[in-house]
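Chemist: below are the sequence and a predicted model; questions follow.
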Amino acid sequence: MNDKRIRNIPALSEADMEKLAESRVLIAGCGGLGGNVTEHFARLGVGHLIVVDGDDFEESNLNRQILCLSDNIGQSKAAAAASRVKLIDPDIEVRAVNEYITKENAAALMADADIVIDALDSISARLMLEDAAVEAGLYIVHGGINGWEMQAMLVPPGSGLMHSLYEGLEEDAIKTSLAMTPAACASIQVSLAVSHICGRSPELEGKLITGSLRDMHFDVLDMGLE
């Protein structure tokens, strides 16, 4: 076992590590959630990452986005994510896509992926992502944050769980997030993804994990997956 990953053992087996090294993860969004997700995957040893975001950093991102620094304001979030991965482990294959994921490009982006991470920040984008993942036959790991609150879920293709969760809802008029909320939510998302990739926890599928960092109350809700 490479010394870079030795502390993953025995929490992860060598067989698990091989699966992670061979896996291809698409991260849709490189902001608060996506930046932390990218960091975790790179340190765990996921071998292939596709980081997708058409946005550039602005000063308002500094309060919560781990990839945003005072000297990269105005620069590409996707490029920053790829650069961070290479600083952690130059052996990881990372592809930066400086575009928003859309109905038009989602199929091509998902063609190279084994699983999709939802680190988006709008309802319409999430519903589009689920539709595209159905066509691609891919699982999504959903994550959402607002202020102190978070939620995450492993979404099987064709389940329609994100549509059940979001369809008909209005976008939040005011979006707010604290530094620790995306970090905590991203940790849960990555844990769900790793469990799925390694075939460890099929019972987690379709369970909505909700939590509040304000009062440290967490629930796991069964979304009725059959």
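Modeler: Sure thing, it's come through. Only a predicted model underlies this, so the values are computations on that prediction, with no experimental measurement involved.

Chemist: where do the strands sit along the chain?
Modeler: Applying DSSP state E to the chain gives strands spanning 24-28, 48-52, 93-97, 115-118, 139-146, 149-155, 207-212, 217-222.

Chemist: export stretch 93-100 to CSV, keeping only CA atoms.
Modeler: Presented in CSV, the C-alpha positions along stretch 93-100 are these (Å, rounded to 0.1, in the frame of the first residue of the first chain):
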residue,chain,number,x,y,z
GLU,A,93,-6.4,12.1,-13.2
VAL,A,94,-8.5,15.3,-13.0
ARG,A,95,-10.4,17.0,-15.8
ALA,A,96,-11.6,20.6,-15.3
VAL,A,97,-14.7,21.6,-17.2
ASN,A,98,-15.2,25.4,-17.0
GLU,A,99,-18.8,25.2,-18.0
TYR,A,100,-22.1,24.8,-16.1
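
Chemist: ranking the strands of the chain by burial, who's on top?
Modeler: strand 115-118 (a mean of 28; mean count of other Cβ atoms under 10 Å). In short, each C-beta sits where N, CA and C put it, glycine included.

Chemist: that one pairs with which strands, and in what direction?
Modeler: Here strand 115-118 is paired, per DSSP bridges, with strand 24-28 (parallel), strand 139-146 (parallel).

Chemist: how about these in CSV, adding mean pLDDT and distance to residue 12?
Modeler: Below are the strands paired with strand 115-118 laid out as CSV (pLDDT from 0 to 100; distance: least, Cβ to Cβ, whole Å):
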stretch, mean pLDDT, distance to residue 12
strand 24-28, 98, 16
strand 139-146, 97, 17
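
Chemist: may I have the residues that are in contact with the residue nearest the centre of the chain?
Modeler: With distances taken as Cα atoms, centre = their mean, residue 117 lies nearest the centre of the chain, 3.5 Å away. Taking Cβ atoms under 8 Å, 6 or more residues apart in numbering, we find residue 117 in contact with 25-29, 34, 37, 140-141, 143, 189, 193.

Chemist: what's the lengthiest helix in the chain packed up against?
Modeler: Looking across the chain with DSSP state H, the single longest helix is helix 180-197. Packing contacts for helix 180-197, counted by 3 or more Cβ pairs under 8 Å, 6 or more residues apart in numbering; DSSP states H and E, involve helix 14-22, helix 32-44, strand 115-118, strand 139-146, strand 149-155, strand 207-212.

Chemist: for those, which one sits closest to residue 87?
Modeler: Across those, residue 87 has its closest neighbour in helix 32-44 (8.7 Å, Cβ to Cβ).

Chemist: quick one: the closest one to helix 14-22, angle?
Modeler: Angle between the axes of helix 32-44 and helix 14-22 is 120 degrees (criterion: axes from the mean of the first three to the mean of the last three Cα atoms, to 10 degrees).

Chemist: so what's the gap between helix 32-44 and the chain middle?
Modeler: Chain-centre distance of helix 32-44: 8 Å, with Cα atoms, centre = their mean, to the nearest Å.

Chemist: same question for stretch 134-144.
Modeler: That offset, for stretch 134-144, works out to 10 Å (Cα atoms, centre = their mean).

Chemist: got the CA positions of that stretch in PDB?
Modeler: Presented in PDB, the C-alpha positions along stretch 134-144 are these (Å, rounded to 0.1, in the frame of the first residue of the first chain):
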ATOM      1  CA  VAL A 134     -31.500   8.500 -15.300                       C
ATOM      2  CA  GLU A 135     -30.500   8.400 -19.000                       C
ATOM      3  CA  ALA A 136     -26.900   7.600 -18.000                       C
ATOM      4  CA  GLY A 137     -27.900   4.900 -15.500                       C
ATOM      5  CA  LEU A 138     -25.900   6.600 -12.700                       C
ATOM      6  CA  TYR A 139     -26.400   7.100  -9.000                       C
ATOM      7  CA  ILE A 140     -26.400  10.700  -7.700                       C
ATOM      8  CA  VAL A 141     -25.200  11.700  -4.200                       C
ATOM      9  CA  HIS A 142     -27.300  14.800  -3.500                       C
ATOM     10  CA  GLY A 143     -26.300  17.500  -1.100                       C
ATOM     11  CA  GLY A 144     -28.000  20.700  -0.100                       C
END
